[in-house]
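> Dropping a prediction and its sequence here:
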There are 2 protein chains.
Amino acid sequence: MHRHLPEQEDVFPVEPWCLRETALHEPLLPRSESLLALSNGHIGVRGNLDEGEPHGLPGTYLNSVYELRPLPYAEAGYGYPESGQSLIDVTNGKILRLLVDDEPFDVRYGDLISHERVLDFRAGTLTRTAEWRSPADRTVRLTTTRLVSFTHRSILAIEYVVEPVDAAARVVVQSELVANEVLPGPVHDDPRVSSALANPLRSIEHSAAGTSASLLHETKQSGLRVATAMSHLLDAPPGVDVDVRGESFPDLARVTFTAALEPGQRLRLVKLVSYGWSAERSVPALRDQVAAALTGAEQTGWDCLLSDQRSYLDDYWEGAEIELDGDPALQQAVRFALFHVLQSGARAERRPIPAKGLTGPGYDGHCFWDTEAFVLPPLTRTAPGAVADFLRWRYDTLPEARDRARQLRLAGAAFPWRTIDGAECSAYWPAGTAAFHINADIADAVVRYCDATGDVAFEREVGVALLVETARLWRSLGHYDETRGEFRIDGVTGPDEYTAVVDNNVYTNLMAQRNLVAAADVVARYPAEAESLEVTADEAESWRRCAAAVYIPYDDELGVHPQSEGFTKLKVWDFEQTDRDDYPLMLHFPYFDLYRKQVVKQADLVLALHRRGDAFTDEQKARNFAYYEALTVRDSSLSACTQAVMAAEVGHLDLAFAYTAEAAFTDLHDLKSNTGDGLHMASLAGVWVALVDGFGGLRDEAATLRFAPRLPQCLTRLAFTVRHRGHRVRVETDGRSATYSVASDGTETTEELEVFHHGEPVTLTPGEPVSLPVPQVQAPRAPQQPPGRRPLPRRVHDEPHGRPPARAAERGGRSWAALHPELAPREV
Amino acid sequence: MHRHLPEQEDVFPVEPWCLRETALHEPLLPRSESLLALSNGHIGVRGNLDEGEPHGLPGTYLNSVYELRPLPYAEAGYGYPESGQSLIDVTNGKILRLLVDDEPFDVRYGDLISHERVLDFRAGTLTRTAEWRSPADRTVRLTTTRLVSFTHRSILAIEYVVEPVDAAARVVVQSELVANEVLPGPVHDDPRVSSALANPLRSIEHSAAGTSASLLHETKQSGLRVATAMSHLLDAPPGVDVDVRGESFPDLARVTFTAALEPGQRLRLVKLVSYGWSAERSVPALRDQVAAALTGAEQTGWDCLLSDQRSYLDDYWEGAEIELDGDPALQQAVRFALFHVLQSGARAERRPIPAKGLTGPGYDGHCFWDTEAFVLPPLTRTAPGAVADFLRWRYDTLPEARDRARQLRLAGAAFPWRTIDGAECSAYWPAGTAAFHINADIADAVVRYCDATGDVAFEREVGVALLVETARLWRSLGHYDETRGEFRIDGVTGPDEYTAVVDNNVYTNLMAQRNLVAAADVVARYPAEAESLEVTADEAESWRRCAAAVYIPYDDELGVHPQSEGFTKLKVWDFEQTDRDDYPLMLHFPYFDLYRKQVVKQADLVLALHRRGDAFTDEQKARNFAYYEALTVRDSSLSACTQAVMAAEVGHLDLAFAYTAEAAFTDLHDLKSNTGDGLHMASLAGVWVALVDGFGGLRDEAATLRFAPRLPQCLTRLAFTVRHRGHRVRVETDGRSATYSVASDGTETTEELEVFHHGEPVTLTPGEPVSLPVPQVQAPRAPQQPPGRRPLPRRVHDEPHGRPPARAAERGGRSWAALHPELAPREV
């Protein structure tokens, strides 16, 4: 085991379809645990070693299993949430400890001759191979394969194979379920919060019989019951006697397998773990639920679990693939990203998709607007079922959102800024409750999903209510100024968290406008549902009136849109006097100073240019983009992809590529120095957005696909597929021309489809690809970023797929992150 | 003892020079303990009963003796203060318990035949007379007089006289010092804070000898040592043998006096208690300090303590008296107010004057801008030495203020929004740190004091540094916009706490302007001091340039000043839909909603009209006043007096009178329902401001006194005296004419003085009063207040001084507060 921090490429070589970790480095453990996490959106397991230690952070998560904790306030205020929620580390079913002639297999002791782990994006597995010589000079070879099943939602499965290499050995494998694992460091600065979250599980019952065992627990405050059960399939060489012993305790269940193996003899175990949880269901029901899931998985068997997993992913990749030539590392990063985005939501099924997925405890496991704004767009075009599921979760939390609106003295529904179960958990209202745009983001996600799928049942059952209640919120939150004839939305916070509690944030107002119009449209289509929500014709008409009058501030002198009213009159941040160590700024400057100056943490007006491109002229887009480039420091991971999209649209293709790369490598290169807390799901999803909306030029308002493909110098080819209303539309471009083809998506009849290519309509027919020239444009003058905050220009030689690029050392001796420390701030 | 809540006038009859409590009512205890508190600014004792119980809240305070406590944050941010300070209840030296034939004197048991307490504004004493029949049918008469000496700063003294009435009795008096008293209820919602503040004192030593005893303690976190010592002068009838016994424990020292008395025989004790505290001085030094103070008081003796007290107050009242005819209750309230204002600061001596003085633990005993903005103006004109002392305390905290500015990345000094020792204790920055106007308020107080006194030594030693460092703060906080030629101050909070983090608050900008000019002026006068502060000519010139360019927003359409940029574009609060129970609004609506609407908690732009009247035309004042009247709900006690002043200036004299009365009766009638936590010192001081600046029309910019006396219908005469640069200027008006006279203030030579009467210069010569007619004006149309938020119109018959007005019951059956519940919101 290596104790230094290695070069990226030394550990994770560039390969097209997997992430391979070629050696174990202790400082890399937290990061690699996140990178190698497996999840199906319901169960999430970090890439911890089978034997549990050493670890950066042990992590096993069940979507929405959280504990309540106090939210302390030195000076409280009306409407402040009193308790928060934290995703908890549930019973760890991954543990398989190995003893070789009584010496515990531990990579920190003895000799680790070789160690490799491979996260396979097509197989959906994490495979580990290790050869280890014990301090007593016994060598064993270990091969384990872990999967969290996409097809068996409750199942984690592990194939564990151990084999003595050079001499006979007595091998003991302890397969465990461990509850209330000790987590490293204090759980929270506040001792009360820490105590609420330490040992969050209280045992209800435990049992062991044969090779099976189970633990049932409940959380102390939130009252959730969690059941975990395991069983094993044992495969020993003929003639080898395996002793099996099971035992259980309140926080531990253990099945121990003991065998004497000759060199070359393999002991193979398949461990099946099933998880279930509920706030409602009884202990017997839960007990039966996990037992049934186990039985199902046993009947399926390991090989079938593996092949089902691959089939599921084959289908996904067919509709989600992005191919690019010219940057193999980026190609790998894109697939890594899309794999994790799928994992975050595939089987969440009416539960949230947290900002970190189920890959770590960062942000307390909360779900933010990140999901609607960044994660759902690629899922809408690649795995739309996950989008419907997620939005149904929002729908299920309408009662909480309505209550919150009442508490805030507003109409409709006010969805929480951060939550697990639907209740607001944000303790700092200027950057939480005030960020009402999340409601428009939800509405936008509904509209996009319906446009992309034509899912009328969803629209009727879920869409109408979400659109109506968010429109009502905007109607009551905004203010129709009779004298000015303007609908104004004052005192809210937009996407940029370095500006808060402002009037008429352009992004918020434009998204609210779309929300209001969409609600008015949908109630016209579904009069019965509208009536059940007590929507009158007058009310719908008032939404249209407000939408038509939405006030969008504009600075005539500068010829740009202020991101909120008055923004462009504020003092520009003194970037020249800001040290590189002062980033991220929120860790070194008070909010009051950030809020009152022109400095942008993350795309805000530029996000409006992307999402509401119809509201701006080309000239405005170019001017606005350049203006905000000079102010945007990207202290948030929710920025680079949006900047990539708009850079591409206004013609800065190489800059767009640099931003795309930054989004793509946020976690793989740990650019924010906190990948160990979990992956940045929005940034991962943003890679797709940067490539498809950016270089593909996809815009899909009003159920119409518009493309405008163009390539940066570094890419020689880009191909991608998007799913649209029963079609799979493939776009491929080499930068000079673009070829469009359409095929059936699944069983639906495929008919002609009209799309747009750089503004011109093209009718696509299945089996008849259409090639069109890409209009060439002169690259405009490059905009300036704040000193030290420009993205690293990415220069990549055109290398064949699969071959790693030259090592950083050969290019100049230092890694990318090391060359550009300004790109690696700590994000909080 | 009565257990119902009585009518105000039944308990506190109207008398000119005292507050008399005619009977004891249990529900009134918290309020009367605050109303009857004694203090000299160094020691403060609530009006608790001698025997300690029953009580609303026991309270003994030493200025600046506080404990540190954690400030919890669910989501922390850069620059948030980590610990707060809370004034603590120190060793209680007031306790004198009485046993009559072994039965403890307790007003809750036996028969309380009579009970009266009198706070005498001229004597500076709280006298109590009680006649009580014990359950065993022994009657005693008790007479106690308590004072906190203005002349012996460390001394609390109590004369205690007990006398059997109808039969002989054995009397035991236990005179005590009690540390770590049990306080009722939880100290704080947060259990960690509570535990930090429960039993804050740790014993260092204790002793008892003869009739003397002492306790020494230290605070656990803040490391302050507190010494308390007592001694007694005993006066027993001839032939009566008094047994004396002393004993001490860590938290208790007790001297017990036992005597058998015949009816009519009096046992008289004088208890002297001295207090000392220090963060620096050693235990022996502190021990000696309190012993020396005791010895001094013993030598002075009770009679001399009493007469010194009266002399001190005679001198005060000579320069501070306000007489008015037409409203005896208001006359009493004014004297009550001025007595408490004096008590809050008389001997604070380089220590803060907290928002509640030393009358209760409200606001944690913190000092806010209230002091500079409301308390110092009357003190400047009546007890200027207290002002100099207070501002020297601000000067002493310059190091902390400079550190805070550095932390906030600003130049100069950033004084804390709330503090005891100079460190920022505000945990909610939008209504704390962002309220930078406190720095201009401090500068303004410096200028006012220097103008009023001509105290050159103070100006040189203290004034220059305070003005320079605050000017530097403004220079760095503001932003000179080259293109617009404007000096803008963005992202700050003005006085109105229902609006926060706004750009170009008019009050803030105008006060900063004055601050910048004053700094430039003062460095020109004191070049040596300026040089020691490294002020260059360029720097001073930049202050003038910024001051000249200060941006003052104006709404051309409405013809009024927005209190901050954009304010008048916000939606007006929906007052019609706001229930009376919804006040104070901050307890029923979220900040986000309050901040984004036109609703004003307390005078803000109207305070600018008062303090910077020179910056507005008469027309602007009238229009602005009317505009903000319709928006101001007075959920703060820092509003009525300012509204009174400006109502008077723009001609609404009866409205001004109603606001004056509201300020005057805030505590006497417990209009905010929290007088029990301590008196509203700013509101008390505001009565003076309302009368002198309001009906007297005093404006004193540029060291010139300008008067514009006018009376409301209810007043037939108003006379007041202000001290000004060696003069005492007396103004008396009956509403038709005004008479001005000038006399020497103390030993200084009195020369001619030019003042202004309604804009016309008048030269005053000692001994030659000048009478001038008061120009009569037509009352303009009365402005509207928000529904239910108008002040109660005050109608008073012209009754002779000293006679109480008709009882509320006779006027209509209900008290003022009961008739107008909207005037009695809970203020937090």
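Happy to help now that I have it.
> All the helices of the stretch 151-300 of chain A, residue numbers only.
A:191-197, A:283-320 (DSSP state H, counting those that start in this stretch).
> Out of those helices, which gets nearest to B:Gly697?
Taking CB to CB, helix A:191-197 is the member of those nearest to B:Gly697, at 55.6 Å. Just so you know, the C-beta spots here come from the backbone N, C-alpha and C atoms, and that holds for glycine as well.
> So which residue is dead centre in chain A?
Centroid check for chain A by CA atoms, centre = their mean gives A:Met681 as the closest residue, at 2.2 Å.
> wait, which of the helices of the stretch 151-300 of chain A is closest to chain B?
For the helices of the stretch 151-300 of chain A, the distance to chain B is smallest for helix A:191-197, at 6.9 Å, taking CB to the nearest CB.
> my guess is the residue nearest to the centre of chain A meets A:Ala373, correct?
No: applying CB atoms under 8 Å as the test, A:Met681 and A:Ala373 come out as separate, 11.4 Å apart.
> Count the neighbours of A:Asp581 for me.
Using other CB atoms under 10 Å in any protein chain shown, A:Asp581 has 10 neighbouring residues.
> With adjacent residues omitted, what lies nearest to it?
Nearest in space to A:Asp581, with sequence neighbours left out and distances taken as CB to CB, 6 or more residues apart in numbering or on different chains, is A:His588 at 7.8 Å.
> show me the contacts for A:Asp290.
If you look again at residue A:290, you'll see it is Val, not Asp. By CB atoms under 8 Å, 6 or more residues apart in numbering or on different chains, the residues touching A:Val290 are A:154, A:214, A:227-229, A:274-276.
> Pipe the helices of the stretch 151-300 of chain A into JSON lines and attach mean pLDDT per row.
Listed next are those as JSON lines, based on pLDDT from 0 to 100:
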{"stretch": "helix A:191-197", "mean pLDDT": "65"}
{"stretch": "helix A:283-320", "mean pLDDT": "96"}
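> Distance to B:Pro238 for these - can I get that in JSON lines?
Below are the helices of the stretch 151-300 of chain A laid out as JSON lines (distance: least, CB to CB, whole Å):
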{"stretch": "helix A:191-197", "distance to B:Pro238": "65"}
{"stretch": "helix A:283-320", "distance to B:Pro238": "86"}
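> Looking at those helices, spot the one closest to B:Ala708.
helix A:191-197 (57.9 Å).
> List buried residues within the contacts of A:Val290.
Neighbour-count burial within those applies to A:154, A:214, A:227-229, A:274-276; the criterion is 16 or more other CB atoms under 10 Å in any protein chain shown.
> quick one: which of the residues you listed is nearest chain B?
A:Tyr275 (29.7 Å).
> who does the closest one bridge with?
Judged by DSSP bridges, the bridge partners of A:Tyr275 are A:Thr228.
> Hmm, A:Leu156 and it touching each other?
Yes: contact criterion CB under 8 Å: A:Tyr275 and A:Leu156 qualify, at 7.2 Å.
> which residues are in contact with both of these two?
By the contact definition CB under 8 Å, 6+ apart, A:Tyr275 and A:Leu156 are jointly contacted by A:43, A:93.
> neighbours of the residue nearest to A:Pro72 when sequence neighbours are not counted, just the number please.
Excluding its sequence neighbours, the residue lying closest to A:Pro72 (CB to CB, 6+ apart) is B:Pro72, at 3.3 Å. B:Pro72: 22 surrounding residues under other CB under 10 Å.
> same check, this time on A:Asp556
By the criterion of other CB under 10 Å, A:Asp556 has 6 neighbours.
> quick one, phi/psi of it?
Backbone torsions for A:Asp556, taken as degrees, to the nearest 10, come to phi -60, psi -40.
> what is A:Leu252 paired to in the beta sheet?
The bridge-partner assignment for A:Leu252, based on DSSP bridges, gives A:Val178, A:Phe249.
> What of A:Thr129?
A:Glu116, A:Thr143.
> Report the contact partners of it.
Going by CB under 8 Å, 6+ apart, A:Thr129 touches A:114-116, A:141-143.
> For the stretch 301-450 of chain A, what lies in contact range of chain B?
Listed as neighbours of chain B in the stretch 301-450 of chain A under the rule CB under 8 Å from any CB of the partner chain: A:407-409, A:426-430, A:433-434.
> so which of those comes closest to chain B?
For these, the nearest to chain B is A:Ala427 (3.2 Å; CB to the nearest CB).
> Let me see the contact set for that closest one.
Shown in contact with A:Ala427 (CB under 8 Å, 6+ apart): A:71, A:73, A:80-81, A:84, B:73-75.
> about what we covered before: A:Thr419 is nearest to which of the helices of the stretch 151-300 of chain A?
Proximity to A:Thr419 (CB to CB) singles out helix A:191-197 among the helices of the stretch 151-300 of chain A, at 16.9 Å.
> looking at it, the residue nearest to A:Pro72 is touching A:Ala76, isn't it?
No: with contact defined as CB under 8 Å, B:Pro72 does not reach A:Ala76; the gap is 10.3 Å.
> Start and end of stretch A:544-556, how far apart?
27 Å (CA to CA, to the nearest Å).
> I misspoke; the intended subject was stretch A:556-566.
Using CA to CA, the end-to-end distance of stretch A:556-566 comes to 12 Å.
> mind checking how far that stretch is from the chain centre?
Distance of stretch A:556-566 from the chain centroid (CA atoms, centre = their mean, to the nearest Å) equals 33 Å.
> do stretch A:558-574 and chain B meet at all?
Yes: with CB under 8 Å from any CB as the criterion, chain B is reached by stretch A:558-574 at A:565-566, A:569-571.
> Pull the residues that contact that stretch.
Stretch A:558-574 has contacts (CB under 8 Å, 6+ apart) with A:494, A:496, A:499, A:502-507, A:552-555, A:596-600, A:604-605, A:608, A:616, A:620, A:623-624, A:627-628, A:631, A:786, B:479, B:481, B:484, B:488, B:490-491, B:503, B:565-566.
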